[in-house]
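Trainee: I need the structure of the sequence given here:
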Amino acid sequence: MSDRREQQVDEVVVVYAVPDAQYLITIEFEPGMTARDAVDRSGLGERFPEIADTPLVLGVFGRPIAPEQIIEPGMRIEICRPLQRDPRELRRLMTSLGMVVGQRENDKS
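Mentor: Predicted coordinates:
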């Protein structure tokens with residue numbers, strides 16, 4: 001029996017998000033594949049040079065994993081970007097400006 005669910009078991013999804021878009025690349029799973037192998041095969045490193053320019057921080061459904069971790073079919077490997085600002089620092093700044101977190105500086109009424 002060859003249905004869609006059976007096909008997905010032999011695949012891995014690699015995800016990378018930028019502020020205005022999210023990229024999901026499905027690749028074929030191979031036994032013994034590491035998270036780093038999946039990222040390399042996704043081609044996202046070539047498309048986004050910042051991935052190669054910083055230490056690789058990965059996760060699976062929000063849980064951190066090592067790039068050398070052996071992955072399983074059906075996993076969703078997330079490439080994490082570094083924080084632009086410390087969330088605590090941002091909260092302090094927003095409070096000092098009379099704003100709340102989530103409100104843009106130019107949206108202050």
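Trainee: go through the helix ranked longest in the chain and flag the buried ones.
Mentor: Criterion DSSP state H: the longest helix present in the chain is helix 87-96. Neighbour-count burial for helix 87-96, with 16 or more other CB atoms under 10 Å as criterion, is recorded at residue 94. Backbone N, C-alpha and C define where each C-beta goes, glycine included.
Trainee: check stretch 38-47 too.
Mentor: So stretch 38-47, judged by 16+ other CB under 10 Å, has buried residues 38-42, 44-45.
Trainee: what about the helices in this protein?
Mentor: Counting by DSSP H, the chain has helices at residues 4-9, 35-42, 44-47, 49-53, 87-96.
Trainee: ok so, going back, with only the CA atoms kept, save the longest helix of the chain in PDB.
Mentor: C-alpha atoms of helix 87-96 as PDB (Å, rounded to 0.1, in the frame of the first residue of the first chain):
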ATOM      1  CA  PRO A  87      13.700  39.800  26.100                       C
ATOM      2  CA  ARG A  88      14.200  41.100  29.600                       C
ATOM      3  CA  GLU A  89      16.100  44.200  28.300                       C
ATOM      4  CA  LEU A  90      13.300  44.700  25.700                       C
ATOM      5  CA  ARG A  91      10.600  44.500  28.400                       C
ATOM      6  CA  ARG A  92      12.500  47.100  30.500                       C
ATOM      7  CA  LEU A  93      12.900  49.400  27.500                       C
ATOM      8  CA  MET A  94       9.200  49.100  26.500                       C
ATOM      9  CA  THR A  95       8.100  49.800  30.100                       C
ATOM     10  CA  SER A  96      10.300  52.900  30.300                       C
END
